[in-house]
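# Test case, fold it:
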Amino acid sequence: MSQIDAKQLYLQIKKGEGLYTEEIHCPMVLDVMNDEGTMTAFCHKAKISDALFYKWTKKYKIFRECYHLGKVISKYNWEKEGKDGKDEEFFNFELWRMTGAMRYGIGKNRVRMGVDPKASPYKQYQQLVEMANSEEFNASEIKQLMEAINVGIRAFESFELQAQVSKIQEDVSQMGVRSANNFNAIEKAAKTD
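So this is what the prediction gives:
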């Protein structure tokens, strides 16, 4: 188990240390993905949270590209390990297989969503298209995601339309009150003439 200095980490976070530096973190993510093969290992080495890691991948294009290349390198190393180890007597095939399932989704359907839950359905749709261009989704996964967003868009549009109808009803009601007041004023003015 890895030992940490909790107080030092806390003070580092409080001071704002651990901020992104391209020249440090881009080579680091490539090295860690080559050696250990996981985003978690990178976060541990960089002393950052996974939430901050994903913010970096969204905000910094070069870091994102280095991470994606690191994933390719990591998966290549895993495949090579299996190929090299398949004929070895003591090769732990089950561990190798489980590593592939956990890290790369081999044999499992895993999707990590990077969609802003507070965004409008239109923006979420755009975010999914961006993810589809940068991640390894199969056609079925993309279809399901797009269908789900389409349902969300229709619900969003229904709520927006209902809000507009309610506003129109309120405006018509106010117009009726104002019109009645106008007629009363006209009647009073006619009586005084």
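# Give me the distance between Ala101 and Leu52.
Going from Ala101 to Leu52 by CB to CB, to the nearest Å gives 26 Å. For glycine as for every other residue, the C-beta is placed from the backbone atoms N, C-alpha and C.
# Who has more neighbours out of the two?
With other CB atoms under 10 Å as the criterion, Ala101 and Leu52 differ in neighbour count, and Leu52 comes out ahead with 16 against 13.
# That one sits in which helix or strand?
When elements are defined using DSSP states H and E, Leu52 is found to belong to helix 50-59.
# Remind me what that helix packs against, helices and strands.
helix 39-46, helix 61-85 (3 or more CB pairs under 8 Å, 6 or more residues apart in numbering; DSSP states H and E).
# And the shortest one, what's buried?
Along helix 39-46, the positions that meet the burial threshold by neighbour count (16 or more other CB atoms under 10 Å) are 39, 42-43, 46.
# Quick check: mean pLDDT of that helix?
Rounded to a whole number, the mean pLDDT of helix 39-46 is 91.
# And stretch 104-122, by the same measure?
In the prediction, stretch 104-122 has an average pLDDT of 68.
# Which parts of this structure belong to which domain?
The record, using automatic domain parsing to delimit domains, assigns the chain the ranges 1-110, 114-193.
# can you pull out the helices in the protein?
Counting by DSSP state H, the chain has these helices, from start to end: 6-15, 22-35, 39-46, 50-59, 61-85, 93-104, 121-134, 139-192.
# Mind putting the ones you listed into CSV with distance to Val115?
Formatted as CSV, the helices of the chain follow (distance: least, CB to CB, whole Å):
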stretch, distance to Val115
helix 6-15, 27
helix 22-35, 23
helix 39-46, 18
helix 50-59, 11
helix 61-85, 16
helix 93-104, 22
helix 121-134, 5
helix 139-192, 9
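# wait, doesn't Asn77 sit right on Thr38?
No. Taking contacts as CB atoms under 8 Å, Asn77 lies outside contact range of Thr38: 11.6 Å.
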